[in-house]
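[1] just need the structure, nothing else, for what follows:
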Amino acid sequence: MATQRYSVTPHPIETLLTWVKSGEIAIPEIQRPFVWDAIKVRNLLDSLYQGYPVGYLIAWRNPSVRLKDGSTSSGKRILIDGQQRVTALMAALLGHEVLTKEYETVRIRIAFHPVQERFEVSNPAIQKDTEWLPDLVSVFAPEASLTELTDDYSERNPTANRKQVSRVLERVRKILNNHVGIIELAEDLDIETVTEIFIRVNSAGASLSQADFAMSKIAANDTYGGNLLRKAIDYFCRLAVEPEFLSRIEKGDKAFATSEFLPKMRWLKDVNDDLYDPSYTDMLRVAFTSEFRRGKLQDLVALLSGRNFETKQYEESVAEEAFAKLKAGILNFINKTHFDRLTMILRSAGFVTSDLIRSQNAINFAYIIYLRGRSEGLAPADIERIVRRWYVMSILRGRYAGNPESTFDFDIRQIDARGVAAYANAVIDAELSPSYWGTLLPQDLETSSSSSPFFLVYQAAQVKLGDLGFLSRDIAVRDLLLNRRDVHHVYPRNYLKKQGFAKGRYNQIANFALAQSEINIGIGDKAPEVYFAELAEQCNGGPSKYGGITNLVEMRANLRMSCLADTLLDGQIPEFNDFLDQRRNLMAQKIKTYFEWL
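    As a prediction, this is how the structure comes out:
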């Protein structure tokens with residue numbers, strides 16, 4: 001018979017709130033935005049008042065940690081499901097402020113009508129109406145007297161039944177006596193089991209990631225600065241996308257503003273670059289993998305708990321060291337020089353806009369490669385070259401597609417054993433062999449997805465190689481990507497539709513060319529044999545219909561930049577499927593040439 005891995009115990013709400021206030025139960029979400037609106041808070045209180053069930057809370061006790069004197073200390077409970085409900089109760093009943101989705105600190109006031117026995121979100125009209133108690137905190141305050149509250153209400157509302165008001169207010173106060181079931185998970189459970197239990201028990205079936213657990217563990221720790229570290233991660237992610245949020249931090253979070261973290265991320269206030277906007281998961285992956293030389297975030301959770309992987313015991317010294325290393329990793333991540341250098345390297349590889357970025361995990365490991373190269377003392381030029389080549393290789397080969405943790409773990413352990421340069425070069429040579437360039441890549445280019453990683457790399461290649469836009473004399477692909485461009489169908493879409501080609505065929509990326517809008521519009525639905533003949537005439541003294549190129553040598557060179565055979569100008573227009581095959585090979589060759597330049 002399987003051992004039960006959890007216990008279910010009912011506890012009065014008053015006891016639960018006391019545990020939260022004393023720190024026995026840690027609620028990490030208190031430091032993160034409260035996503036419930038005030039109506040949900042009102043509904044929760046009404047359910048409690050009516051005696052309806054409000055669901056279970058799930059807590060996971062930190063493993064017992066061996067202290068320096070040899071004794072053990074039982075860790076805090078971490079509330080991994082129920083944060084919003086408990087935060088709502090603390091806000092409505094105890095008057096605690098909450099941080100909104102807009103990162104504003106507010107008080108949620110819930111009003112109560114003793115005669116109608118109705119809860120409502122407080123508003124100016126209610127606050128002026130004597131029949132309402134405008135803020136329930138007055139009922140639950142430690143010094144509150146039900147007799148005085150009843151007398152005061154009766155004085156303001158002479159027609160109200162005093163005894164009925166007294167009984168109702170007493171019933172409201174007894175909300176604190178309502179029991180809520182707490183499912184407490186065994187402290188020896190591993191992170192995967194905890195996740196599985198959460199998903200099975202939680203009615204919404206929400207999925208918690210390893211990063212969510214790690215963030216909870218970080219925030220729950222007040223011994224080694226976990227609370228500030230958690231804020232540093234959250235605030236950096238917010239500032240990366242909303243630089244103006246800095247003033248709110250400075251005004252609303254004085255403790256963090258005076259910490260060592262904010263000065264190190266203040267540079268974000270002047271940044272409007274969205275090339276790499278990391279999430280907290282991205283930051284944890286980079287910081288953990290680069291510092292701990294491991295790739296699985298479940299290991300981070302275990303280490304932050306104090307797990308010694310050799311002895312299988314939990315030790316305070318392990319937790320202390322883990323928090324110190326994670327802090328170092330986060331500080332490395334948010335360092336302006338490091339962050340700027342990473343984005344500069346990506347741009348130097350041709351990825352000049354966020355539209356060309358589709359894999360955050362590929363960037364994450366590129367950042368890890370960069371940080372590891374620095375720690376090994378590699379020359380800056382060597383680091384840049386390795387990072388560029390590794391990033392492009394990982395995009396082309398889908399190295400971190402799907403669940404990346406196992407690959408992260410494998411790669412970082414190999415780097416730790418062999419060094420960044422030796423391992424990276426060996427992997428790149430194996431992954432991008434001559435057979436890849438000649439056979440596999442042309443096959444990969446057979447897709448109709450404009451967000452395909454292969455088309456993104458092709459565009460980066462055009463940027464890096466300084467290509468001009470299709471039929472443009474002066475406008476480069478870089479300029480088109482940074483401003484405005486059209487994706488032109490070399491064999492026009494409607495022309496192919498009329499021939500019976502399906503969408504998945506005429507939208508093949510091998511039929512795409514980046515062009516100025518006016519050139520794309522000018523060509524319209526004309527058959528390729530028509531407009532290529534007009535282009536040839538344009539270069540032989542005829543009217544200039546498409547773009548400004550009037551020299552045949554320049555026109556042939558321009559077509560080659562877009563991986564188009566210049567024989568199109570000579571009337572050699574292949575059947576569409578043959579055209580696609582030819583162009584895929586030319587595109588693959590361009591990407592190969594580009595990669596060799598990296």
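[2] show me the shaky parts of this structure.
    Low-confidence segments of the chain, defined by pLDDT under 70: 1-4, 26-34, 62-75, 100-104, 190-192, 194-208.
[3] how is the chain carved up into domains?
    6-201, 221-433, 443-597 (automatic domain parsing).
[4] can you redo those as CSV with mean neighbour count and distance to D212?
    No exception for glycine: its C-beta is placed from N, CA and C like everyone else's. Compiled in CSV, the domains of the chain are given as follows (neighbours: other CB atoms under 10 Å; distance: least, CB to CB, whole Å):
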stretch, mean neighbour count, distance to D212
domain 6-201, 17, 8
domain 221-433, 18, 9
domain 443-597, 18, 27
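[5] reformat the ones you listed as CSV; add distance to F213.
    Converted to CSV, those look like this (distance: least, CB to CB, whole Å):
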stretch, distance to F213
domain 6-201, 6
domain 221-433, 5
domain 443-597, 30
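[6] can you say which of those is nearest to A214?
    When these are ranked by distance to A214, counting by CB to CB, first place goes to domain 221-433 at 5.1 Å.
[7] how long is that closest one end to end?
    One end of domain 221-433 to the other measures 48 Å (CA to CA, to the nearest Å).
[8] do the same with stretch 491-510
    Using CA to CA, the gap from the first to the last residue of stretch 491-510 comes to 10 Å.
[9] next: stretch 168-181.
    Chord length of stretch 168-181, first to last residue, is 25 Å (CA to CA).
[10] and what of stretch 471-480?
    13 Å.
[11] what of stretch 567-581?
    Start and end residues of stretch 567-581 are separated by 15 Å (CA to CA).
[12] just stretch 149-165 next, same as before
    Distance across stretch 149-165, first residue to last, is 9 Å (CA to CA).
[13] ok, stretch 422-440 next?
    OK, stretch 422-440 end separation, CA to CA: 25 Å.
[14] which residue ranges of the stretch 51-200 of the chain form helices?
    Defined through DSSP state H, counting those that start in this stretch, the helices belonging to the stretch 51-200 of the chain, from first to last, are 83-94, 124-128, 137-140, 146-156, 162-173, 191-201.
[15] between the fifth one and helix 146-156, how many degrees?
    Orientation note: helix 162-173 sits at an angle of 130 degrees relative to helix 146-156 (axes from the mean of the first three to the mean of the last three CA atoms, to 10 degrees).
[16] what is helix 162-173 packed up against?
    Judged by 3 or more CB pairs under 8 Å, 6 or more residues apart in numbering; DSSP states H and E, the packing partners of helix 162-173 are helix 137-140, helix 146-156.
[17] reformat those helices as CSV; add distance to V553.
    What follows is those, written out as CSV (distance: least, CB to CB, whole Å):
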stretch, distance to V553
helix 137-140, 81
helix 146-156, 92
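[18] out of those helices, nearest to G548?
    Using CB to CB, the nearest of the helices and strands packed on helix 162-173 to G548 is helix 137-140, at 72.2 Å.
[19] helices or strands next to that closest one in the packing?
    In terms of contacts (3+ CB pairs under 8 Å, 6+ apart), helix 137-140 is packed against helix 83-94, helix 162-173.
[20] in a markdown table: those, plus distance to K592.
    Shown next, in a markdown table, are the helices and strands packed on helix 137-140 (distance: least, CB to CB, whole Å):
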| stretch | distance to K592 |
| --- | --- |
| helix 83-94 | 51 |
| helix 162-173 | 74 |
